[in-house]
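Asker: here are the coordinates; sequence isn't available:
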């Protein structure tokens, strides 16, 4: 029942926010990860807001960084630090949907950064993480360019 409700919520949010979901990168306000530094999740093990003065345009999206070292690390290897599925919800992606995410739902699994719609969805995703990652990896190429 929880899964059905979650899928319904994700579907509703996806349909009602089509314009925000057109990009391959989840970037509300034009900023990837809502303006948080992607490198900080790996180096500081927490979300850290980036600075507008420390930005880098990659995949037609503005990425912000908390310090110059993180900016340079990202520039050197963006695919190492970018969130999976463009920062869209990992659980939603596993079900074939692009859904927005909350920054506090982040997880690093086997050196890759993932986000989820909210903490309840993250709990469900965590229970069957490996299977859902595999399923999301299969679904992402099918939905990457869809609204």
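Answerer: On my side now, so go ahead. A quick note: this is a predicted structure, and the numbers were derived from the prediction, not measured.
Asker: quick one: residue 138 from residue 61, how far?
Answerer: 24 Å (CB to CB, to the nearest Å). For the C-beta atoms, the positions are set from N, CA and C on the backbone; glycine is no exception.
Asker: more crowded one of the two?
Answerer: Neighbours were counted for residue 138 and for residue 61 using other CB atoms under 10 Å; residue 61 has more, 19 against 12.
Asker: next, name the residue at the spatial heart of the chain.
Answerer: For the chain, residue 87 is the residue whose C-alpha lies nearest the centre (CA atoms, centre = their mean; 1.5 Å).
Asker: so that residue touches residue 25, yeah?
Answerer: Yes - Residue 87 lies in contact with residue 25 (CB atoms under 8 Å); the separation is 6.0 Å.
Asker: how about the residue nearest to the centre of the chain: what's its closest non-neighbour residue?
Answerer: residue 26 (3.9 Å; CB to CB, 6 or more residues apart in numbering).
Asker: and residue 113, that's in a strand?
Answerer: Yes - assigned with DSSP: H, G, I helix; E, B strand; the rest coil, residue 113 falls within a strand.
Asker: I am finished for the moment; much appreciated.
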